[in-house]
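Novice: Sharing a model that was predicted from the sequence below.
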Amino acid sequence: MTSYRVTAHNTSKQSENKIHDDTVARKFGFSGGLVPGVDVFAYMTHLPVEKWGRAFLERGLMDARFVKPVYDGEIADVSGEESNGVLAIQVESRGELCATGTASLPAAAPSFSLSDFVDVAAVGARKPVDATSYALGKWLGAV
């Protein structure tokens with residue numbers, strides 16, 4: 001499998017999530033605003049799309065784990081290794097492992113039902129985050 005190299009771009013500098021803002025992220029010990037995980041995931045997606053093409057976009061499966069931040073303007077190297085139909089993917093930047101994941105192409109798209117997903121009302125005002133902020137069945141996300 002070939003590797004993929006990209007200059008990372010922070011698409012969320014103005015986001016409500018201030019960990020993507022350089023000033024705020026530096027207050028928490030990072031060297032700058034974090035490139036959003038969704039963007040790093042997109043970098044990772046390049047390899048399975050290269051391997052399986054449109055079929056991967058139609059029915060492929062992928063998961064990712066973000067280990068260290070990727071920063072705006074830095075090079076992200078994405079590499080993959082296939083074994084038994086599963087593509088193991090890694091993202092490295094600054095010589096550090098930043099993300100890992102796997103991708104596969106099942107014979108058919110997994111079945112699901114919208115009724116499996118509980119409709120949860122949005123929260124009107126956000127409270128400070130603590131251990132109860134991620135309770136099952138509670139809203140998680142932006143309005």
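Specialist: Ah, there it is.
Novice: Without its sequence neighbours, what residue ends up closest to residue 64?
Specialist: For residue 64, ignoring the flanking residues on the chain, the nearest one in space by C-beta to C-beta, 6 or more residues apart in numbering is residue 101 at 3.7 Å. Quick note: C-beta positions are derived from backbone N, CA and C, even for glycine.
Novice: what comes into contact with the lowest-mean-pLDDT helix or strand in the chain?
Specialist: Sorting the helices and strands of the chain by mean pLDDT, DSSP states H and E puts helix 22-27 at the bottom, at a mean of 90. Residues from elsewhere that reach helix 22-27 (C-beta atoms under 8 Å, 6 or more residues apart in numbering): 13, 18, 19, 31, 32, 33, 34.
Novice: go with 7 Å
Specialist: With contact meaning C-beta atoms under 7 Å, 6 or more residues apart in numbering, helix 22-27 is reached by 18, 19, 32, 33, 34.
Novice: And the next helix or strand past that helix?
Specialist: Heading C-terminal from helix 22-27, the first helix or strand you meet, by DSSP states H and E, is helix 37-52.
Novice: Pull out the buried positions in that following helix.
Specialist: 39, 40, 41, 43, 44, 45, 46, 47, 48, 51, 52 (16 or more other C-beta atoms under 10 Å).
Novice: what's the fourth one in contact with, if anything?
Specialist: Applying C-beta under 7 Å, 6+ apart, we find residue 43 in contact with 4, 6, 76, 78, 91.
Novice: now the chain, which segments are flagged as low pLDDT?
Specialist: 1, 138-143 (pLDDT under 70).
Novice: the strands in it, which residues?
Specialist: Using DSSP state E, the strands assigned to the chain run over residues 4-7, 61-66, 75-83, 86-93, 96-104.
Novice: Out of those strands, which one sits most buried?
Specialist: Of these, the one with the most neighbours on average (mean count of other C-beta atoms under 10 Å) is strand 86-93, at a mean of 20.
Novice: That one: partners in the sheet, and parallel or antiparallel?
Specialist: Looking at strand 86-93 with DSSP bridges, its partner strands are strand 75-83 (antiparallel), strand 96-104 (antiparallel).
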